[in-house]
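Using only what follows, build the 3D model:
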Amino acid sequence: KHSHLPGTRCVDFNQYLAAMEIIRDKYGVSRAFIATDDASLIEQIEGGDYEESEFEFIFVPFDRKLYSESDWSIELKMLMATMDRRMVAETTLVDILLLSQCDYFVGTLSSHFGALAYELSWANKGYHIPHISLDHPWSGSLLAPVQYYGADGETTKEEEHNTVRKDFTERQSTGVRKPVVF
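Numbering: from 1, shown residues only. Coordinates of the predicted model:
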């Protein structure tokens, strides 16, 4: 529901599903671990809305409604002490660690959450797993320039937040939200 980028929403689940189908067709995958804070998505999955996808969906069971009680970001809710910080920390860690154990990855690598899960997978396994990024390729650094998106999904600006980084390179922002398959 909520994106890590100010004023934006997460990628629609149907885009994830399309990318997952590419992985399924190429590698024969039939089970998918879903890491989300969106209670309505879990309700849709449990209600059979995605049965035609032929995936067995797995997710950590916890009350996600705590995340969707308002439009405030999770970070702001924690800052304002309106949600249980321990629960947020525990469910986040469990999701990241379980994602890092997956054999394939579909996600957004601009997100610290997705990038950390992918990098832990790489570090633990010693190789890059087959993956599809729904925003841009893995950059090898969580400190890469941050891209900000407009309501239309196009990149509106890109900012370098790590001023001591030595490998400043020109990066073309694509603003494209289509699968990047590796």
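
make it CA atoms for all contacts and neighbour counts henceforth
Will do.

what comes up buried for stretch 97-113?
Of all the residues in stretch 97-113, those buried under the rule 16 or more other Cα atoms under 10 Å are 97-101, 104-111, 113.

Is Lys109 in a helix, a strand, or coil?
Lys isn't right for residue 109; it's Leu. coil (DSSP: H, G, I helix; E, B strand; the rest coil).

Not counting its neighbours along the chain, what's nearest it?
Counting by Cα to Cα, 6 or more residues apart in numbering, Leu109 lies nearest to Ala115, which is 4.8 Å off, once chain neighbours are set aside.

Tell me how many other residues crowd that neighbour.
By other Cα atoms under 10 Å, 22 other residues sit near Ala115.

Over to Cys10?
Using other Cα under 10 Å as the criterion, the residues surrounding Cys10 number 12.

lowest average confidence, helix or strand, in this structure?
Ranking every helix and strand in the chain by mean pLDDT, DSSP states H and E puts strand 180-181 at the bottom, with a mean of 51.

possible to save the buried residues of stretch 97-113 as TSV with pLDDT and distance to Asp49?
Formatted as TSV, these follow (pLDDT from 0 to 100; distance: Cα to Cα, whole Å):
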residue	pLDDT	distance to Asp49
Leu97	95	27
Leu98	95	24
Leu99	95	23
Ser100	96	27
Gln101	96	26
Tyr104	96	23
Phe105	95	22
Val106	95	20
Gly107	92	21
Thr108	88	23
Leu109	85	27
Ser110	79	28
Ser111	81	26
Phe113	85	26
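
Adding distance to Tyr27, write those residues out as a markdown table.
Below are these laid out as a markdown table (distance: Cα to Cα, whole Å):
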| residue | distance to Tyr27 |
| --- | --- |
| Leu97 | 22 |
| Leu98 | 20 |
| Leu99 | 18 |
| Ser100 | 18 |
| Gln101 | 17 |
| Tyr104 | 9 |
| Phe105 | 12 |
| Val106 | 13 |
| Gly107 | 17 |
| Thr108 | 20 |
| Leu109 | 21 |
| Ser110 | 25 |
| Ser111 | 25 |
| Phe113 | 25 |
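
Brilliant, that's me finished.
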